[in-house]
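**Q** what's the 3D shape of this:
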Amino acid sequence: MQKLHFSTTIKAPKKKVYNTMLDDSTFRVWTRAFNPKGSWFEGDWNEGSKIRFVGPDDNGKLEGMVSRVRDNRPYEYVSIEHLGVIHDNKEDTTSPEAKKWSPAFENYTFKERNGATELLVDMDTDDEHKKMFEDMWPKALERLKELAEHTA
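**A** Presented below is the predicted three-dimensional model:
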């Protein structure tokens, strides 16, 4: 596993950034950077909850990640532990492909300064997906920034 780090400064209070990032309707918008056909979560952001991050593949079948919310301190920090993968809407936590993601963490830190929020994203990934995430996360964060700065 490798650690990737991304950050952006958003001209909005951390409560607004946190809510924009995790609210279902806006989550579906900013995560299109990861899957242009759509991306959403199933479950909730409560600490200890199972959560699935899914979207359609080229054949319309659901694919994604099965995860657990390890920590959620509202407006401060969220930690997601990826447990496996989802193919054709079936969870897989035991195959060699799934084991590449377990345990892998994705963490969000929200730091407010002078009415703006620095959002830090730290995530584990394997060599195979490193370049993809390096390309996608900056686009996702730019879209999140637009949403948080320009919506009521």
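**Q** going forward, measure contacts and count neighbours with C-alpha atoms only.
**A** OK.
**Q** send me the lowest-mean-pLDDT helix or strand in the chain as CSV with only the CA atoms.
**A** Lowest by mean pLDDT, DSSP states H and E among the helices and strands of the chain is helix 96-99, with a mean of 86. This file holds the C-alpha atoms of helix 96-99, laid out as CSV (Å, rounded to 0.1, in the frame of the first residue of the first chain):
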residue,chain,number,x,y,z
PRO,A,96,-6.9,-11.7,-3.8
GLU,A,97,-8.4,-8.6,-5.5
ALA,A,98,-10.4,-7.7,-2.4
LYS,A,99,-7.5,-8.4,0.0
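**Q** which residues does the most centrally placed residue in the chain bridge with?
**A** Nearest to the geometric centre of the chain sits residue 106, at 7.0 Å (C-alpha atoms, centre = their mean). Beta-bridge partners of residue 106, counted by DSSP bridges, are residue 80, residue 123.
**Q** need the contact list for it.
**A** 79, 80, 81, 82, 121, 122, 123, 124 (C-alpha atoms under 8 Å, 6 or more residues apart in numbering).
**Q** give me the number of residues near the first one?
**A** Burial of residue 79 is recorded as 21 neighbouring residues (other C-alpha atoms under 10 Å).
**Q** got a pLDDT number for the closest residue to it other than its chain neighbours?
**A** Using C-alpha to C-alpha, 6 or more residues apart in numbering and skipping residues adjacent in sequence, the residue nearest residue 79 is residue 107, 4.4 Å away. On pLDDT, residue 107 comes in at 98.
**Q** residue contacts, residue 107?
**A** 77, 78, 79, 80, 120, 121, 122, 123.
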